[in-house]
Every structure is written in structure tokens, then in C-alpha cells.
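Asker: From the sequence below, what's the structure:
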Amino acid sequence: MSFPSRIRSTTNLTLRLPSTLAIRWLLPRLQVINLALPRTELRIYTSADDTPDFTAPDVDAMVVRGSGHWAGMDAIPLFQECLTPMCTSELAASLKSVADLARIKLLHPGHGHGEWRCWLDRVGATQTDISGGLVFDTLELTLTAAAQGHGVAIGDPRMAKDRLEAGALVMPFSEVVQNGLGYFLVFPSQRSAQKKIRALADILIRLAQEDPPIPAR
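Answerer: Next comes the predicted model:
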């Protein structure tokens, strides 16, 4: 006598995160993530919005860049954001000191220019004018422009790991600073007991802990 095979149900899990983080951090780890989430259909959406808005019913969790404080939300820290300039080796050769940035086009990963101001303030170059340069809406575009020689980008070297290892980008200065922001796995507090949310949190935390803030040179 044969018996019908047991049908294993599939769970849907929708994760929203910034596009650069999705491309440069999550996708290289996607196989490990999928193995940690058996019988789960992972759906990945990207957004440049750092507001954890769960009014849309089809988003289970988000990775959000920010301070980690959002009312009614659980925010699990993954890693702190680090900032350092990055550019081509040819352009780096012309940068003998931080003061040389005053004559180089700065590339901004957002309209606020806050990343460059944070880094320059921390290294004592407060007189450098950051009002010019090129402004992009994602860090991915900023790093791509830097790799093509359009100027010096500022961002987290984790998001440029492959380019740094390949030599397409270099870090012309040794100073790497934290800006007080980080990347957090965020979801409404009432979802904290959901098995799929706990499994996602466990694997993302583990992968983040294994990822050094500065790629090996």
C-alpha cells in the first residue's frame, strides 16, 4: 500500500533593504541565507527610504540604515557604518594629504553631504568646502563613479569590498571613522516571536559578525 507524500508548505518572507547593501553585502551571502531559511521563499525588495514603514502588508522585515530607535519596532544591530574616502589608484597618487581633497571633485552618496562632513570633521579638515562635487542617490552609484575616475567617494568599505580587493578602488587615507549610524534588522515588535523572523535575524547577525569592518588589503 502506498501513502501520499507529505506536502511541505513554503513560507514567504519579504525583506526590504537599501539597494547598495542588497547588491554588495546580501547577494554574496545569499546561498548561506537560503540554507538557513529552509522551505522559505525569500523575496527581496530595495528602497532608498530609510524609514521603517510597515503600512504595506507584504513586507515582513527591513534592513534600515539609521540610529536604531524607531517607535514600536524591534531594531537588531547588524553593524556600525564606517566611512572612508575611496578612489582609483591613479587619483590616490595625487592625494599627498587630506588638504589635497580641496582641489578634487567629491562624490556624495546623498544630497545632505553629511558623510563627507563627518569624515572631514573627524580628521580635522574642517575648512574643506564640500558644497561642490557630484551628488548621487545611492552609494552604489557613487562607488561606480569613483571606480570610473570621476572623483573621490565616501562610504563604508564593506560596500566596496570586491572593488577594493580587485584594485578598482583604493583607500587613499588610513583614517576610518564611525558616524553614529548603523544597519539594523527592523520589524514590528509584535512579530518578534515569528519563527521566520527569528531565523532571519539569527543568520543576518551571524553573517554580520563574521564580516570585518575593513576589507583586508
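
Asker: Which residues in the strand or helix carrying residue 206 does the neighbour count mark as buried?
Answerer: Element membership for residue 206 (DSSP states H and E) is helix 195-210. By 16 or more other CB atoms under 10 Å, the buried positions in helix 195-210 come out as 196, 197, 199, 200, 201, 203, 204, 207, 208. Bear in mind the C-beta positions are built from the backbone N, C-alpha and C, glycine included.

Asker: what do you get for stretch 43-63?
Answerer: 46, 52, 54, 59, 60, 61, 62, 63.

Asker: avg pLDDT for the helix holding residue 206?
Answerer: Mean pLDDT, computed over helix 195-210, is 96.

Asker: got the CA positions of that helix in PDB?
Answerer: Output in PDB follows, covering the C-alpha atoms of helix 195-210 (Å, rounded to 0.1, in the frame of the first residue of the first chain):
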ATOM      1  CA  LYS A 195       9.800  31.700  13.500                       C
ATOM      2  CA  LYS A 196      10.800  33.100  10.100                       C
ATOM      3  CA  ILE A 197      11.700  36.500  11.600                       C
ATOM      4  CA  ARG A 198      13.800  34.800  14.300                       C
ATOM      5  CA  ALA A 199      15.600  32.600  11.700                       C
ATOM      6  CA  LEU A 200      16.300  35.600   9.500                       C
ATOM      7  CA  ALA A 201      17.700  37.600  12.500                       C
ATOM      8  CA  ASP A 202      19.900  34.700  13.500                       C
ATOM      9  CA  ILE A 203      21.600  34.300  10.100                       C
ATOM     10  CA  LEU A 204      22.000  38.000   9.400                       C
ATOM     11  CA  ILE A 205      23.500  38.600  12.800                       C
ATOM     12  CA  ARG A 206      26.000  35.700  12.300                       C
ATOM     13  CA  LEU A 207      27.000  36.900   8.900                       C
ATOM     14  CA  ALA A 208      27.400  40.500  10.100                       C
ATOM     15  CA  GLN A 209      29.600  39.300  13.000                       C
ATOM     16  CA  GLU A 210      31.800  37.400  10.500                       C
END
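
Asker: List the contacts of residue 126.
Answerer: residue 120 (CB atoms under 8 Å, 6 or more residues apart in numbering).

Asker: okay but residue 146 is in contact with residue 87, surely?
Answerer: Yes: assessed by CB atoms under 8 Å, residue 146 is found in contact with residue 87 at 5.2 Å.

Asker: Count the neighbours of residue 193 for me.
Answerer: A count of nearby residues for residue 193, using other CB atoms under 10 Å, gives 8.

Asker: so how far is residue 40 from it?
Answerer: Residue 193 sits 17 Å away from residue 40, going by CB to CB, to the nearest Å.

Asker: you'd agree residue 19 is up against residue 45?
Answerer: No: between residue 19 and residue 45 there is no contact under CB under 8 Å: 9.7 Å.

Asker: What helix or strand is the residue nearest to residue 118 when sequence neighbours are not counted located in?
Answerer: Excluding its sequence neighbours, the residue lying closest to residue 118 (CB to CB, 6 or more residues apart in numbering) is residue 179, at 4.5 Å. Per DSSP H and E, residue 179 falls inside strand 177-188.

Asker: What of residue 42?
Answerer: strand 40-46.

Asker: So what touches that strand?
Answerer: The contact list for strand 40-46, computed with CB under 8 Å, 6+ apart, reads 10-19, 22, 26, 33-34, 59, 196, 199.
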